[in-house]
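A.B. asks: A structural model of the following input is requested.
(2 chains)
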Amino acid sequence: GDSVTQTEGQVALSEEDFLTIHCNYSASGYPTLFWYVQYPGEGPQLLFRASRDKEKGSSRGFEATYDKGTTSFHLRKASVQESDSAVYYCALSENTGYQNFYFGKGTSLTVIP
Amino acid sequence: GGIITQTPKFLIGQEGQKLTLKCQQNFNHDTMYWYRQDSGKGLRLIYYSITENDLQKGDLSEGYDASREKKSSFSLTVTSAQKNEMAVFLCASSMAISNERLFFGHGTKLSVL
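C.D. replies: Predicted coordinates:
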């Protein structure tokens, strides 16, 4: 079945550090890939998505590129800020007559000022 | 813009008790979802509904019932609360179109004494 794997469970960085959160997926078809961000006390919200091979999604300085060859959608940011501290979820959806979503286990990012 | 409202925000129950969580959305979305969020386990699908009066089981449906009596509302019942259980339940909705994202509520935090 479909699945999403996030390698890092927790990441701690200093402000202005470079961020990479790894996301690999397994899907039978051609899924849409998402990154969601969740701040304390809130539900996850969409950061961005990508639907085609080599498409880059980006928002608020974060970016990821859909790579069908390596089945990856790694999240990167060049210079993190304390306000980026949150939980990040990689997800995929396949259109099987309705929207069926699969989420990774989430990565908790803490940015130390 | 729309909003998803989950009630209550916090729910404290006793072991063996039947507990109901409610969700309302004003996006006019067809599809609604209930996810359970546990630390380190990500988001796991309990139930979803693709239209009024439709119910579909997710991977984690055992121990839960759901009800979709109106397009705008979707409720989840914990049939028998487990002692020391603690989790956040997230309601979400989406349009029934491929590549569309999920919109989430802020969650209901359940604690069982």
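A.B. asks: contacting residues around the closest residue to chain B within chain A?
C.D. replies: Among all residues of chain A, A:Gly43 sits closest to chain B, at 3.0 Å; criterion: C-beta to the nearest C-beta. (C-beta placed from N, C-alpha, C; glycine too.) Each residue near A:Gly43 by C-beta atoms under 8 Å, 6 or more residues apart in numbering or on different chains is listed here: B:4, B:90, B:92, B:104-107.
A.B. asks: just A:Phe73 next, same as before
C.D. replies: Going by C-beta under 8 Å, 6+ apart, A:Phe73 touches A:23-25, A:33, A:35, A:50, A:64-67, A:90.
A.B. asks: The contacts of A:Gly43: which two are farthest apart?
C.D. replies: B:Ala92 and B:His106 (11.2 Å; C-beta to C-beta).
A.B. asks: Name the residue in the two with the higher neighbour count.
C.D. replies: Neighbours were counted for B:Ala92 and for B:His106 using other C-beta atoms under 10 Å in any protein chain shown; B:Ala92 has more, 26 against 16.
A.B. asks: Let me see the contact set for that one.
C.D. replies: With C-beta under 8 Å, 6+ apart, B:Ala92 has these contacts: A:43, B:4, B:32-35, B:102-105.
A.B. asks: List the buried residues in the helix or strand containing it.
C.D. replies: Using DSSP states H and E, the element containing B:Ala92 is strand B:86-94. Neighbour counts over strand B:86-94 (16 or more other C-beta atoms under 10 Å in any protein chain shown) mark B:87-94 as buried.
A.B. asks: next helix or strand past it?
C.D. replies: Counting by DSSP H and E, what follows strand B:86-94 is strand B:103-104.
A.B. asks: Would you mind listing what in chain A touches chain B?
C.D. replies: Applying C-beta under 8 Å from any C-beta of the partner chain, we find that chain A lies next to chain B at A:9, A:32, A:34, A:36, A:41-46, A:49, A:51, A:89, A:93, A:95, A:98-99, A:101, A:103-106.
A.B. asks: So what's the residue count around the closest residue in space to A:Ala78 that isn't next to it in sequence?
C.D. replies: Nearest non-adjacent residue to A:Ala78, counting by C-beta to C-beta, 6 or more residues apart in numbering or on different chains: A:Phe18, 5.9 Å away. By other C-beta under 10 Å, the residues close to A:Phe18 number 10.
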